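[1] Dropping the sequence and predicted coords here.
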Amino acid sequence: MPETLTSSEVVTLTINGQEVSARTDETIMEVAEEQGIRIPALCHISGLSDIGACRLCVVEIQGSPKLQPACVTRVSEGMTVSTHTDRLRAHRRTIVEMLFAERNHVCSVCVSNGHCDLQNLAVECGMQEVTLPYLAPKLQVDASHKRFVMDPNRCVMCTRCVRVCDEIEGAHTWDIMGRGVDSRVITDLGKPWGESDTCTSCGKCVQVCPTGALFEKGVSVAEMTKRRQFLPYLKTMREVPK
Amino acid sequence: MSKAKVATIWLDGCSGCHMSFLDLDERLIELSEKMDLVYSPLVDFKEFPEDVDVTLVEGSVSNEGDLHKILQVRERSRILVSLGDCAVTGNVPGMRNAIGVEPLFTRAYNQNVTLHPQKPHGAVPALLDTVKPVHQVVPVDVIVAGCPPSASTIYYVVSELLAGRLPELETHTRFGA
Ligand code: SF4
Ligand code: SF4
Ligand code: SF4
Ligand code: FES
């Protein structure tokens, strides 16, 4: 047996005043999930690596002046975590506002209306209106793939598509181009998706995408529901001891 | 007890929110015991009255006419309600923001026209450069998302306001539906 299997130890920490025990190789997000505490999240999806990109999952840790993203912060002995303070609520609301203001989200005519993680986050975070000015960028839809469409107007740059294509499908068709507000997800170094040499048309990216940015051709308003069951299944199968 | 004065106005929207309001059906009769509709596209008053208790606003602020109306309406209303996604987010009218007014005119009034291509002018209010949600133009007291908000949501909002309470909508509405 390799040494690494025994390297995690059990610790006790406090989440929202409640004492819990956990292993040191677990993140705050994982422990919270086990305890039935829902921390708002967008880039995190169980079954893919975590990158701490969206910052919606930030929590307060006693003694630390900085907020920490729960999806990439491991637990430690004696840690005292708060997941839903007024300060965190205000930050999360602002993040959701920025996501809506940065691209063009028109829920009433969107394929994902009613089945969208971003829409749900707006409700969860109490974001009733966007107070920031909308940027209204002009963005081109890529409908060159024979089965799928990429609409950057709805993209939140969570990179779930990039990670599932790389980590699960092994194709690495998706990547990121540009910086900050100008960053975009691209296929095969910026080729139209339909001309990609690497894409196997497996559809995994479409299913994990939290919004209407990736969808199947032929669906109309509110018709795109995502099927994500395969992800925990594949993850569990891969974790079976060798 | 005197009845509350309620108004509704229609800016850049499809009238769907007003249709949803009409969908209150018999509940409108119940409400009419507590309120008078003093101005609305649904009734025939020409001037927006001076002191309105509650005004429901459908639509975004898209042209100079909308802007003129919303400034006056805000001044004359105690409680201003943004009703529906066009008022709350810009929604479909706001989709032109990514295109710009000039290319939009060229597309709509030149490229697709064979007879007398010309920009609208004269009595037609000029388009503003950007379509804005109501709260980005004047302060709004109550936000009601939805395209359109359901009749039951509108009933809840109006009933609460008539009872002197601010409706709690955070988890009852969402953009789109
Ligand atoms: S992706 Fe989600 S939030 Fe964006 S327009 Fe579509 S339904 Fe609305
Ligand atoms: S369809 Fe499959 S292979 Fe193609 S980009 Fe999406 S995840 Fe990658
Ligand atoms: S396309 Fe979808 S999955 Fe990919 S980054 Fe954008 S929102 Fe995330
Ligand atoms: S879910 Fe943790 S940073 Fe996005």
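    Thanks, I have it. Ligands and ions are numbered 1, 2, ... in the order given.

[2] Please make it C-alpha for all contacts and neighbour counts, starting now.
    OK.

[3] Which residue does chain A have closest to ligand 4?
    Closest to ligand 4 within chain A is A:Gly52: 3.3 Å, counting by C-alpha to the nearest ligand atom.

[4] backbone phi and psi for that residue, please?
    Listed backbone geometry of A:Gly52 is phi 60, psi 40, with angles given as degrees, to the nearest 10.

[5] How about A:Ala22?
    Main-chain dihedrals, A:Ala22, degrees, to the nearest 10: phi -160, psi 170.

[6] Which residue ranges of chain B form strands?
    Ranges of strands in chain B, per DSSP state E, are B:4-10, B:35-39, B:52-58, B:61-63, B:77-83, B:127-132, B:142-144.

[7] Quick one: distance of the second one to the chain centre.
    By that I understand strand B:35-39. 16 Å (C-alpha atoms, centre = their mean, to the nearest Å).

[8] Flag the shaky bits of chain A, pLDDT-wise.
    A:1-7, A:240-242 (pLDDT under 70).

[9] circling back to that earlier point, how many neighbouring residues does the residue of chain A closest to ligand 4 have?
    Residues contacting A:Gly52 under the criterion other C-alpha atoms under 10 Å in any protein chain shown number 20.

[10] Now the residue most central in space within chain A: closest residue in space that isn't a chain neighbour?
    Geometric centre of chain A, nearest residue: A:Cys43, 1.8 Å, by C-alpha atoms, centre = their mean. Distances taken as C-alpha to C-alpha, 6 or more residues apart in numbering or on different chains put A:Cys158 closest to A:Cys43, at 4.6 Å, once the chain neighbours are dropped.

[11] ok, B:Val151 to B:Asn112 distance?
    Wrong residue type there; residue B:151 is Ala, not Val. To B:Asn112, B:Ala151 is 38 Å away according to C-alpha to C-alpha, to the nearest Å.

[12] Contacts only, for A:Cys165.
    A:171-174, A:204-205 (C-alpha atoms under 8 Å, 6 or more residues apart in numbering or on different chains).

[13] These in strands, which ones?
    A:Trp174.

[14] for the contacts of A:Cys165, which one is nearest A:Thr211?
    Closest to A:Thr211 out of the contacts of A:Cys165 is A:Cys205 (11.2 Å), distances taken as C-alpha to C-alpha.

[15] What separation do you get for that closest one and A:Val10?
    Distance, A:Cys205 to A:Val10, by C-alpha to C-alpha: 35 Å.

[16] Which residues of chain A lie near ligand 2?
    A:165, A:171, A:173-174, A:199-205 (C-alpha under 6 Å from any ligand atom).

[17] would you list every one of the strands in chain A?
    A:10-15, A:18-23, A:58-61, A:68-69, A:80-82, A:148-150, A:174-177, A:184-187, A:214-216.

[18] helices or strands next to the first one in the packing?
    In other words, strand A:10-15. Other helices and strands packing on strand A:10-15, by 3 or more C-alpha pairs under 8 Å, 6 or more residues apart in numbering or on different chains; DSSP states H and E, are strand A:18-23, strand A:80-82.

[19] hang on, the earlier thing: just checking, the residue nearest to the centre of chain A touches A:Ala53?
    Yes. The criterion here is C-alpha atoms under 8 Å, and A:Cys43 meets it with A:Ala53 at 6.3 Å.

[20] any residues in contact with both of those two?
    A:Cys158.

[21] which ones are touching residue 71?
    If you meant another chain, say so; for now it's chain A. Counting by C-alpha under 8 Å, 6+ apart, A:Cys71 makes contact with A:27-30, A:44, A:50-52, A:57.

[22] wrong chain, I was asking about chain B
    B:Val138.

[23] Now do it, the pLDDT please.
    If you check B:Leu71, the pLDDT there is 98.

[24] can you pull out the helices in chain A?
    Under the criterion DSSP state H, helices of chain A are mapped to A:28-34, A:86-102, A:117-124, A:160-163, A:204-208, A:230-239.

[25] how about the second one: buried residues?
    Looking back up the chat, that one is helix A:86-102. A:88-89, A:91-102 (16 or more other C-alpha atoms under 10 Å in any protein chain shown).

[26] How about the third one?
    Using 16+ other C-alpha under 10 Å as the burial criterion, the residues of helix A:117-124 that qualify are A:117-123.

[27] of these, closest to chain B?
    Chain B has its nearest neighbour among the buried residues of helix A:117-124 in A:Val123, at 5.8 Å by C-alpha to the nearest C-alpha.

[28] show me the contacts for the closest one.
    Counted by C-alpha under 8 Å, 6+ apart, A:Val123 has contacts B:170-171, B:173-174.

[29] Highest neighbour count among those residues?
    B:Arg174 (25 neighbours).

[30] sorry, back to before: counting neighbours, go ahead and name the busier of A:Cys205 and A:Val10.
    A:Cys205 (24 against 13).

[31] so that one sits right up against A:Leu214, yeah?
    Yes. If you go by C-alpha under 8 Å, A:Cys205 and A:Leu214 touch, sitting 7.4 Å apart.

[32] picking up where we left off before, make a markdown table from the buried residues of helix A:117-124 and add distance to ligand 4 to it.
    Shown next, in a markdown table, are the buried residues of helix A:117-124 (distance: C-alpha to the nearest ligand atom, whole Å):
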| residue | distance to ligand 4 |
| --- | --- |
| A:Asp117 | 12 |
| A:Leu118 | 12 |
| A:Gln119 | 16 |
| A:Asn120 | 14 |
| A:Leu121 | 12 |
| A:Ala122 | 15 |
| A:Val123 | 17 |
